[in-house]
Each structure stands twice: as C-alpha cells, then as structure tokens.
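Asker: fold the following for me, if possible:
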Amino acid sequence: MIIIKKPDQIMLMKKAGKITAEALLVARDAIKPGVSTKEVDMKIRRFIEKCGAHPSFLGYNGFPGSACISINDQVIHGIPSDRVIIKEGDIVKVDVGARFRGYNGDSARTFPVGKVSDEALRLISVTEQSFYEAMKVAKAGNRIGDIGHAVESFVISNGFSVVKDYVGHGIGTELHEDPQIPNYGSAGRGARLYTGMTVAIEPMVNAGDFRVTTKRDGWTVVTSDGSLSAHYENTIAITDGEPIVLTDAEN
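Answerer: You can find the predicted model right below:
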C-alpha cells in the first residue's frame with residue numbers, strides 16, 4: 001500500500017533527511033587512507049545520535065552497523081569492520097538512514113579516496129547524474145516506469161549498466177515502504193506518482209555487467225565480474241510541481 005504523506009509529515013521527513021545528509025558529510029570528511037570502515041561508521045552513529053535521531057540501519061533485519069559502507073566492487077550493504085582499511089584510489093559508497101520522531105531519511109553517496117582512476121570518476125559522475133535524470137520525470141501524474149527508464153537509458157548511453165536485483169523504494173515511518181522504484185523499466189508503465197508520495201531513488205551503477213552476487217556474510221553485495229560500482233541516493237517528495245529533495249543538508 002502506497003502511503004501519501006501530509007505536509008506536516010513531510011516536514012518531519014525533511015528534518016530526518018537533513019540529519020541524514022549531514023551524516024554523509026561527516027562520512028565524507030572521515031574517509032581517508034588508513035581509516036577503517038568501522039571508524040567511519042562510529043562517527044556517523046555518534047553524529048546521528050547527537051542530533052536526537054537513531055541510525056535507521058542499525059539492527060535493521062539484524063544489520064550490525066549504522067551505515068552500509070561498500071568499497072570498489074562492493075555494490076551495497078558493506079558491513080563496517082575494523083579489519084577493512086580504506087586505501088588511496090578506492091571508491092567508497094556510504095548509505096545512511098536517520099529516523100527522527102518516527103520518520104526516516106535515506107541517502108547514499110560514492111566518495112573517491114585521493115587519486116582514483118578516470119573510469120572511477122566517470123562512473124561516479126554518471127551515477128549521480130542518472131539520479132537527476134530521474135528527478136526530471138519524478139512528477140505527479142507520471143509513472144514509476146518513467147523514473148526507471150530515465151535512469152537506465154542515461155546509464156546505458158554512457159556505457160555502464162544498472163543493477164536490477166536491488167531497487168529504490170517508498171519511505172516514511174518505515175525505512176522501506178511501497179512502491180518499489182526500479183532503476184530500469186519502460187516509460188509510461190507502472191504505478192502512477194501522486195503528490196505526497198515520498199520515495200528513495202537510488203541508482204546503483206556498475207562499470208561492467210549488471211549482475212551481482214551476495215558474499216557469505218549474507219549482506220555484502222558485489223559485482224559478479226569484479227568491476228567497480230557506484231551508488232547515489234536521495235529521499236524525495238512528489239509534489240504538484242518539481243520534486244523536493246528531502247535529504248538535503250541545506251534544508
């Protein structure tokens with residue numbers, strides 16, 4: 001069931017989203033060569049809790065961290081660890097959620113560490129821009145397929161592929177609500193978008209093949225061919241006009 005949010009509920013989601021966005025800035029500043037992903041995770045957790053919120057991911061279906069931190073060919077759901085050390089040339093994906101007064105924000109970024117390859121920089125850039133291509137069609141009256149088509153067509157035109165096993169989603173009092181928001185699909189198909197819908201659009205883009213596998217830890221998703229992967233996500237609200245990014249540090 002798709003839950004339409006009232007203006008006061010969207011305002012609470014903006015507050016949760018601001019905390020989420022600021023937590024990503026904390027992560028960005030913490031990510032350096034020689035730092036463990038666990039150290040980054042602890043800084044994220046301390047910041048979110050200092051803001052009077054709770055890390056949405058902590059304990060979610062048993063997940064042990066406050067953020068998903070995934071490196072290079074890891075697509076999503078990387079478990080923070082003091083044994084995973086960030087290195088020069090890595091690209092680090094950080095996916096964060098914050099729950100504030102019962103409402104969630106969810107956002108992700110991919111951060112380059114020092115000097116990275118030209119391919120990695122282009123992958124990061126294309127992934128980010130694919131989100132903004134989706135924003136152009138994320139309007140009341142359009143359909144979910146319009147979002148997926150916008151992402152996939154842009155990504156493919158740039159020589160990359162979109163992950164199909166994992167998708168974006170509705171969000172509100174639950175971290176994952178209806179509807180699912182695939183990063184692929186046909187324009188004009190799928191559920192209609194209505195004013196008051198709040199969704200997380202999150203392109204996951206691989207430099208190589210779209211196929212992924214899950215490691216033995218039951219969480220970490222990696223590209224099947226070992227190619228690099230990037231991730232970009234924001235929580236947005238559908239309006240009568242342009243969509244609003246709720247996970248904005250400037251809110």
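Asker: those helices in the stretch 51-200 of the chain, which residues are they?
Answerer: Taking DSSP state H, counting those that start in this stretch as the criterion, the stretch 51-200 of the chain contains helices spanning 118-135, 144-157.
Asker: confirm residue 25 sits in a helix?
Answerer: Yes. Assigned with DSSP: H, G, I helix; E, B strand; the rest coil, residue 25 falls within a helix.
Asker: surely it meets residue 248?
Answerer: No. Shown here, residue 25 and residue 248 do not form a contact pair, counting by C-beta atoms under 8 Å, at 11.4 Å. C-beta: built from backbone N, CA, C; applies to glycine.
Asker: of these two, which one has the most company?
Answerer: residue 248 (18 against 12; other C-beta atoms under 10 Å).
Asker: and the more buried one, how far from residue 111?
Answerer: 18 Å (C-beta to C-beta, to the nearest Å).
Asker: can you check residue 209 too?
Answerer: 24 Å.
Asker: repeat that for residue 55.
Answerer: Residue 55 is 19 Å from residue 111, where distance means C-beta to C-beta.
Asker: who has more neighbours, these two?
Answerer: Set residue 55 next to residue 111 and count neighbours by other C-beta under 10 Å: residue 55 wins out with 25 against 19.
Asker: not counting sequence-adjacent ones, nearest residue to the more buried one?
Answerer: Leaving aside its chain neighbours, residue 55 sits nearest to residue 66 (3.7 Å; criterion: C-beta to C-beta, 6 or more residues apart in numbering).
Asker: ditto for residue 15
Answerer: The spatially closest residue to residue 15, leaving aside those adjacent along the chain, is residue 100, at 5.3 Å (C-beta to C-beta, 6+ apart).
Asker: the one you found bridge partners, please.
Answerer: Legend: beta-bridge partners of residue 100 under DSSP bridges are residue 103.
Asker: and it, what is it in contact with?
Answerer: Residues in contact with residue 100 (C-beta atoms under 8 Å, 6 or more residues apart in numbering) are 12, 15-16, 19, 51-54.
Asker: restricted to strands, list the residues you listed.
Answerer: Counted as lying in strands by DSSP state E, out of the contacts of residue 100, are residue 54.
Asker: burial of residue 90, as a residue count?
Answerer: Residues near residue 90, counting by other C-beta under 10 Å: 18.
Asker: so it touches residue 72, yeah?
Answerer: Yes. Judged on C-beta under 8 Å, residue 90 makes contact with residue 72 at a distance of 5.9 Å.
Asker: so which of the helices of the stretch 51-200 of the chain is the most surrounded?
Answerer: Ranked by mean neighbour count, the helices of the stretch 51-200 of the chain are led by helix 144-157 with a mean of 22 (mean count of other C-beta atoms under 10 Å).
Asker: against which helices or strands is that one packed?
Answerer: helix 118-135, strand 161-162, strand 177-181 (3 or more C-beta pairs under 8 Å, 6 or more residues apart in numbering; DSSP states H and E).
Asker: now the ones you listed as a markdown table including mean pLDDT?
Answerer: Putting these into a markdown table (pLDDT from 0 to 100) gives the following:
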| stretch | mean pLDDT |
| --- | --- |
| helix 118-135 | 98 |
| strand 161-162 | 98 |
| strand 177-181 | 98 |
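Asker: export the ones you listed to TSV and tack on distance to residue 189?
Answerer: Shown next, in TSV, are these (distance: least, C-beta to C-beta, whole Å):
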stretch	distance to residue 189
helix 118-135	15
strand 161-162	16
strand 177-181	12
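Asker: endpoints of stretch 193-213, how far apart?
Answerer: 31 Å (C-alpha to C-alpha, to the nearest Å).
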